[in-house]
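Q: From the sequence below, what's the structure:
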Amino acid sequence: MTIEAFGQTAAGETVHRVTIEGGGLTAKIMTWGATLQDLRLEGHAAPLTLGFPDFESYPAHSPYFGQTAGRHANRIAGGRFVLNGTAYQLECNENGISHLHGGSAGIAKRLWKLDSHGSDHAVFSIVDPDGQSGYPGTAKIEARYELRPGGCLAITFTSVTDRPTLVNIAHHSYFTLDDADDILDHELMMAADHYLPVDADLIPTGEIRSVEGTDFDFRELRPIRREGPDGQQVPYDHNFCLSLEREAVRTVALVRSIRSGVAMELRSTEPGLQFYTGFKVATPVPGLTGKPYSACAGLCLETQSWPDSPNHAGFAGAVLRPGEKRVQHTEHVFIRS
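A: Got it, this is the predicted structure:
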């Protein structure tokens, strides 16, 4: 385990990077955004995630590479919601029309405190103050990264609040299991019978639609590459509905590369899984592989509550109240064949 200075924010704050090892994995995590900056598997040369070799590229160019998104990850339509009869307006930081990942100064883009660490784990925390980006109440959030035997990266988010608020924390790594330029030939399975259709602004329409007979049916392992009616790759950036509430940890997805023989099993407590193929990715500077990333260079499997849940009565929600403790736990298990 090592701790090193990795850069400075625009305000002159030092960003530190912690390296932990265990279970055949090596992870490097920054205090900025509690960000997984690099992840490697013993015996597999290529990085398992997208990222940059330097800190300065993150605030300038990162589309949330490995960052911890919140206070409410994903989108809220118009940045508006009503809680206990009070209307709230959040910052509309996505094209001026929606609230995304906690806002332009959300926890993904601020310094966290390194609370504790060991050879195979590191614990970070942050206080998100009352009124930040328009949220009510002060939220205290902890992120624990742990490398366990058997190639397991376990991430646990624990949150409390002093007023009723929304809390939906998500880990936002872009995974790639081989050295190809894109992940479209990766195979994917998700344990979801339904998904949430979205409008042109990627906001859920409110419908909970069956995946049966659609391009969104990943109940059996199949390639991500899939042409839509327009002859183009289906632009996946949708929530897949795992359950209506948090459950005991269970397997929710499996992704593998035939090219490399590496697979990742995803286990989680969470009710939703946002699958994004990274079709908007286009970095002007080199990433961890020494060259810029282009569309679909990595895939996101973000375990979380359902997007825009405060505006849809039937969605798995994100309301957290004083006296409650929210624990969100996800395990990424890497296997080489």
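Q: so how far is stretch 246-256 off the chain centroid?
A: 14 Å (Cα atoms, centre = their mean, to the nearest Å).
Q: Excluding sequence neighbours, find me the nearest residue to residue 247.
A: residue 269 (6.2 Å; Cβ to Cβ, 6 or more residues apart in numbering). C-beta: built from backbone N, CA, C; applies to glycine.
Q: got a list of what residue 171 touches?
A: 36, 66, 68-69, 155, 157, 302-303, 330 (Cβ atoms under 8 Å, 6 or more residues apart in numbering).
Q: one more time with 7 Å, if that's ok
A: Applying Cβ atoms under 7 Å, 6 or more residues apart in numbering to residue 171 gives the contacts 68, 155, 302, 330.
Q: Assign a three-state SS to it, would you?
A: strand (DSSP: H, G, I helix; E, B strand; the rest coil).
Q: how far away is it from residue 131?
A: 25 Å (Cβ to Cβ, to the nearest Å).
Q: again with residue 87
A: 15 Å.
Q: Where do the helices of the stretch 51-200 of the chain begin and end?
A: Secondary structure of the stretch 51-200 of the chain (DSSP state H, counting those that start in this stretch): helices at 57-61.
Q: my guess is residue 199 contacts residue 205, does it?
A: Yes: Residue 199 lies in contact with residue 205 (Cβ atoms under 7 Å); the separation is 5.7 Å.
Q: Apart from its chain neighbours, what residue comes closest to the residue positioned nearest the centre of the chain?
A: For the chain, the residue nearest the mean C-alpha position is residue 172 (2.4 Å; Cα atoms, centre = their mean). Of all residues not flanking residue 172 in the chain, residue 64 sits nearest, at 4.1 Å (Cβ to Cβ, 6+ apart).
Q: Contacts only, for that neighbour.
A: Here residue 64 is in contact with 101, 108, 172 (Cβ under 7 Å, 6+ apart).
Q: These into CSV, with extra columns for pLDDT and distance to residue 120?
A: Shown next, in CSV, are those (pLDDT from 0 to 100; distance: Cβ to Cβ, whole Å):
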residue, pLDDT, distance to residue 120
101, 98, 28
108, 98, 24
172, 98, 22
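Q: Just the mean pLDDT for stretch 79-90, thanks.
A: Across stretch 79-90, pLDDT averages out at 98.
Q: As CSV, could you dump the C-alpha coordinates of it?
A: Output of stretch 79-90 as CSV, limited to C-alpha atoms (Å, rounded to 0.1, in the frame of the first residue of the first chain):
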residue,chain,number,x,y,z
GLY,A,79,-33.7,19.2,-11.9
ARG,A,80,-37.0,19.3,-10.1
PHE,A,81,-38.6,17.1,-7.4
VAL,A,82,-41.1,17.4,-4.5
LEU,A,83,-40.3,15.9,-1.1
ASN,A,84,-42.6,16.0,1.9
GLY,A,85,-44.7,18.7,0.0
THR,A,86,-41.8,21.0,-0.6
ALA,A,87,-40.6,21.7,-4.2
TYR,A,88,-36.8,21.7,-4.8
GLN,A,89,-34.9,23.0,-7.8
LEU,A,90,-31.5,21.4,-8.5
